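K.L.:
missing the sequence, but the structure's below:
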C-alpha cells in the first residue's frame, strides 16, 4: 500500500511538471545594481498589462550573463541585466551555445558617489587625485614615486580633514569596481603624474596603465563583496570611513550619509546626465531575440522598460535615481525593430 | 626517638578531623563545587540574556512592519481622463496605464487640502509623493473591476509612501528628511494636519502577512504572503518525499538489513550527510535538478527537492532512534504468535515508533523551513514573489521565493523601510517555527510511551 501511494504521488508530481511546461512569464537575472530598476519596471508592467509580473533574480552581471549564454529555450532566462557592457568572450560563449541574436538595451546611467557618515569628518570635496593619493599603493611625494606613506587625508591635501584614511570600495566581482578603478584611481594616477613617473622608470604604457588601477593592500582600503547595505553598515561603525555607493542607494539613505563632490561637482541626476559629474556608467540589459514571440510579453516588457513614461526624465526610474539616457528615442526604435548587436 | 614523637602526637591531633568540621581539603572541594555552580548559573544567565536581547530586538524592530499609515482620499474618477471615448469597454479603459491615474490623485489631494484649509507651497506632482506609488494601481484595479465607477467620486484608502509612514513610526524625522529628494518638511506639515483631522491614520496592515513582494520604490506595499505560499509548497515536497523515503530507509536498515561492512558504511555516511553544510545541497541542486534535469529555475519544486536532501538524514536518524527504543519483547511476541517479519514491523513496531518519527519529521521540516543558503543558489532571491500562483501545479513550478529568502532579499534593499520589513518577516517566520516545535512537543507528550 505504502509503495503504491508513494509511486502515485511521484507520478502526480512529474505529471504536474509536464503540464505546466509552457512558461508564460518573462524571466530576468543579473546585476544587483540594475535589480531595483528592473523590479520597479516589472511591477508596473504586471499592473498595466495582462501578462504576469516578470521575475527578476539578482546575482551579479557576470553570473547573469553566464546564465543568459547557456542556451535558447523555455528553461533559459530571457533577459540579462548588466551594469557593464557584454564582453567579447561572453558573446563568443553565447554563440557557442546557440545564443546568437542579442539585443543590447542601454537603459540609462548610474552615478557612483563617495559618501561618509553624516556626523563624521568633513569629507565634502574630493578630486580623483585625492582618492589616488589615499588609496594607491605607490604615490608621488615631492616628485618621486614612493610606497604610499599617507595615513591621514590631511597628509597630502591640507583642505581635507585630519582623519585616518579608511575606504570601503566594491569588491572585484562588482561591475562598480571597474568604474571606480578606471574613472577615479586611473584618473588620479594621471593627474598626480604617477603614471608619467612609472613610464619614466621604464614601465611600458600598458604596464603603467595596469599599475595605475591598483589599490593599496595594507588594510586602509577594504573590499566589500556584499551589497551597498554592507558598505553602509561599515560606514555606520567607522566615523572616518568613506564608502563607494550608487547614487540611488545614497538618495535612499540621506539621513545617515553625506555625499562628497568630485572635482567640485555635486552628484545629482542632473549633473550626471549632463556629464559634469565625472564618475558614472551606463546600465544595460540584453534580450534573446529568439525568445521574442515565444515567451509572451517579452517584447512588451522591453518596450515598456525604455518608454518615456518609465525611463524618461520624469518617470519612476529617474525618481528612484537612474540618470535617464538622452538617446532613449533611438533605443526605443531599436527594440521596436528588434535590431541585434553587430547590426545583424 | 625523634621518629616516634610524631606518631605519638598523631592520635592527639586526630579528634580535630571530625566529619562535622570542615578541614582545608573539604573546604577546597566545596569551594570548587560552589564555583562550578556559579559558572553554570553564569552560563545560563549569559545565554538567557542573549535570547532576551535577540527577541527584544526582533520584536522592537519588527512590530512596526505590521502597521502601516493609510490616507483616506476622495478621488473623482474623471471620465475624460480614463475613458475619453466614453465606450465603457473594459479593454478601452485598460489602455490608460497607471501613469494616467496620477493626475487624478494629485487633483484629489489638492481638493482635500482646500477642504481642510491647509496651505502648502507644494505643487500637485510633489504632493503625490506623500502617497505610495501603488496608489494609481489601486485606483486602476478598482476601475477595471467595475467600469461604472468612472465619473463618480469614490473614497479610497491609500497607503502613504514609506518615508511618510516612517515619520509616523518615528523612523524618519524632520531633520533626516531635510536632505531627502522626494519628501521634505512641507509634506510633513500637511501630514501632521491630516493626521489631526483623521484623514491619515496608522493601523494594522494585513497585507504585510498576505501580500506579495513589491519593487524597491514602494516598500510600503510589500508583503510576505506569496513567499509564504512558496515555503508551503516546498514543505509539501519535503514532507511527501522525505517522510516515505526516510522511514523506508530506516525501517530497512534497522529491522531487515544484515549487519555487515556495507550497512555500516551506509550508516556512517548518513551521519556524515547530516553534518554537510546546507549550501552544498544548494550547489548540488543547481547542478543536478536545474542544469541536468532541466527543472525550472526558482521553482518551489526544486527548492523542495534540495531541502529534502537536507532533511532526509535528520528524519532517518530520528526514525532509527525511535525504532530502536521499541523493546525487542514486542517483536519477539509478534514473531512468537506467527507474524511474519513484515507484519511484526508494520503492525507492531512502527505504530509504537510513530510519535518519535513524527517529532523527528516536524523538527526536520522546521529546519528546512528556516533554511536560506541552498535557496540562494537555485534562484529564489530577487524580485520573485510577485505573483500568487494560479493553481496547484503553478504553485510547484512557477517562480517563487521562500520566507527566509525573502527576508534576506529585503535586508539588502536600499530603502530603510525594507529593513523594518525584514525584521517583521523574521517575526512571521519565528511564529511558524515555534508553532511547529510546539506541535512536536505536544505530539511527543501525548503519544510517547516509555518502557
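P.N.:
The structure has been received and is ready for your questions. None of the values given here were measured: they were computed from a predicted structure. Numbers count the residues shown, from 1 in each chain, chains lettered A, B, ... in the order given.
K.L.:
right, and residue B:407 touches residue B:430 too?
P.N.:
No. Here residue B:407 does not reach residue B:430: they are 10.7 Å apart, not a contact under C-beta atoms under 8 Å. (Each C-beta comes from the backbone N, C-alpha and C, glycine too.)
K.L.:
neighbour-wise, which of the two wins?
P.N.:
Neighbour count, other C-beta atoms under 10 Å in any protein chain shown: between residue B:407 and residue B:430, residue B:407 has more, with 22 against 15.
K.L.:
element containing the more buried one?
P.N.:
helix B:403-411 (DSSP states H and E).
K.L.:
continuing past that helix, what's the next helix or strand?
P.N.:
Once the chain leaves helix B:403-411, the next helix or strand it forms, by DSSP H and E, is helix B:416-447.
K.L.:
residues of the stretch 151-300 of chain B that sit close to chain A?
P.N.:
With the criterion set to C-beta under 8 Å from any C-beta of the partner chain, the stretch 151-300 of chain B comes near chain A through B:172-173, B:175-177, B:179-182, B:214-218, B:237, B:240, B:244, B:248, B:290, B:294-298.
K.L.:
could you count how many residues lie near the nearest residue to residue A:127 once chain neighbours are set aside?
P.N.:
Residue nearest to residue A:127 in three dimensions, not counting chain neighbours: residue A:263, with 5.1 Å by C-beta to C-beta, 6 or more residues apart in numbering or on different chains. Taking other C-beta under 10 Å as the criterion, the count of residues near residue A:263 is 16.
K.L.:
do you know how far residue A:263 is from chain B?
P.N.:
Note on residue A:263: its distance to chain B, by C-beta to the nearest C-beta, to the nearest Å, is 21 Å.
K.L.:
now for the closest residue in space to residue B:205 that isn't next to it in sequence: which residues touch it?
P.N.:
Leaving aside its chain neighbours, residue B:205 sits nearest to residue B:68 (3.7 Å; criterion: C-beta to C-beta, 6+ apart). With C-beta atoms under 8 Å, 6 or more residues apart in numbering or on different chains as the criterion, the residues that contact residue B:68 are B:159-160, B:165, B:202-203, B:205, B:207-208, B:220.
K.L.:
sketch out the low-pLDDT regions of the chain for me.
P.N.:
Because you didn't say which chain, this covers chain A. Along chain A, segments meeting pLDDT under 70 span A:1-22, A:343-344.
K.L.:
switch to chain B, that's the one I care about
P.N.:
The model of chain B has pLDDT under 70 over residues B:1-17, B:451.
K.L.:
now do the strands in the stretch 101-250 of chain B.
P.N.:
Taking DSSP state E, counting those that start in this stretch as the criterion, the stretch 101-250 of chain B carries its strands at B:153-159, B:200-204.
K.L.:
residues in contact with the residue in the stretch 151-300 of chain A that chain B sits nearest to?
P.N.:
With distances taken as C-beta to the nearest C-beta, the stretch 151-300 of chain A approaches chain B most closely at residue A:255, which sits 3.2 Å away. For residue A:255, the contacting residues are A:118, B:172-173, B:175-177, B:179-180, B:416, by C-beta under 8 Å, 6+ apart.
K.L.:
picking that back up, okay if I get the contacts of residue B:68 as TSV plus neighbour count?
P.N.:
Formatted as TSV, the entries for the contacts of residue B:68 read as follows, by neighbours: other C-beta atoms under 10 Å in any protein chain shown:
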residue	neighbour count
B:159	22
B:160	27
B:165	27
B:202	15
B:203	11
B:205	22
B:207	18
B:208	21
B:220	28
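K.L.:
the stretch 51-200 of chain A: helices as residue ranges?
P.N.:
Defined through DSSP state H, counting those that start in this stretch, the helices belonging to the stretch 51-200 of chain A, from first to last, are A:61-68, A:88-96, A:128-135, A:175-180, A:186-191, A:194-200.
K.L.:
what angle do the longest one and helix A:61-68 make?
P.N.:
To tie it back to what came earlier, the one meant is helix A:88-96. 20 degrees (axes from the mean of the first three to the mean of the last three C-alpha atoms, to 10 degrees).
K.L.:
related to what we said a few turns ago, SS state for the residue nearest to residue B:205?
P.N.:
Residue B:68 falls in the strand class when you classify it by DSSP: H, G, I helix; E, B strand; the rest coil.
K.L.:
beta partners of it?
P.N.:
residue B:203 (DSSP bridges).
K.L.:
any part of the biggest helix by length in chain B near chain A?
P.N.:
Longest helix in chain B by number of residues, with DSSP state H as the criterion: helix B:24-62. No. Figure legend: helix B:24-62 not in contact with chain A (C-beta under 8 Å from any C-beta); closest approach 14.7 Å.
K.L.:
would you mark the buried spots in that helix?
P.N.:
B:61-62 (16 or more other C-beta atoms under 10 Å in any protein chain shown).
K.L.:
just the buried ones from the residues of the stretch 151-300 of chain B next to chain A?
P.N.:
Applying 16+ other C-beta under 10 Å to these, the neighbour count classes B:172, B:176-177, B:180, B:182, B:214-218, B:237, B:240, B:244, B:290, B:295-298 as buried.
K.L.:
which of the residues you listed fall within helices?
P.N.:
B:176-177, B:237, B:240, B:244.
K.L.:
could you identify the most distant pair in the residues you listed?
P.N.:
The two members of those with the most space between them (C-beta to C-beta) are B:177 and B:244, at 57.1 Å.
K.L.:
which residue packs closest to residue 134, ignoring adjacent ones?
P.N.:
By default, I'm working from chain A. Nearest residue to residue A:134 in three dimensions, chain neighbours excluded: residue A:165, at 4.8 Å (C-beta to C-beta, 6+ apart).
K.L.:
you answered for a different chain; I wanted chain B.
P.N.:
The shortest distance from residue B:134 to any residue other than its chain neighbours is 4.2 Å, reached at residue B:221 (C-beta to C-beta, 6+ apart).
K.L.:
residues in contact with the one you found?
P.N.:
Shown in contact with residue B:221 (C-beta under 8 Å, 6+ apart): B:132, B:134, B:159, B:207, B:211, B:214.
K.L.:
and the stretch 101-250 of chain A, which of its residues are near chain B?
P.N.:
Residues of the stretch 101-250 of chain A lying near chain B by C-beta under 8 Å from any C-beta: A:226-229, A:248-249.
K.L.:
buried subset of the residues you listed, written for ChimeraX?
P.N.:
Of these, the buried ones can be selected in ChimeraX as follows, counting by 16+ other C-beta under 10 Å:
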select /A:227,228,229,248,249
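K.L.:
identify the farthest-apart pair in the residues of the stretch 101-250 of chain A next to chain B.
P.N.:
With C-beta to C-beta as the measure, no two of these lie farther apart than A:226 and A:248, at 17.0 Å.
K.L.:
show me the domain layout of chain A.
P.N.:
Here the domain assignment for chain A is A:20-109+A:282-343, A:111-280, based on automatic domain parsing.
K.L.:
starting at the chain centroid, how far to the first one?
P.N.:
On the basis of C-alpha atoms, centre = their mean, to the nearest Å, domain A:20-109+A:282-343 is displaced by 15 Å from the centre of the chain it belongs to.
K.L.:
pretty sure residue A:79 contacts residue A:34?
P.N.:
No. Residue A:79 lies out of contact with residue A:34 (C-beta under 8 Å); the separation is 10.0 Å.
K.L.:
give the residues shared as contacts by these two.
P.N.:
Contacts common to residue A:79 and residue A:34, judged by C-beta under 8 Å, 6+ apart, are residue A:285.
K.L.:
in contact with residue 335, which residues?
P.N.:
Using chain A. For residue A:335, the residues meeting the contact criterion (C-beta under 8 Å, 6+ apart) are A:103, A:105, A:287, A:299, A:302-303, A:306.
K.L.:
sorry, I should have been clearer: chain B.
P.N.:
Shown in contact with residue B:335 (C-beta under 8 Å, 6+ apart): B:341, B:344.
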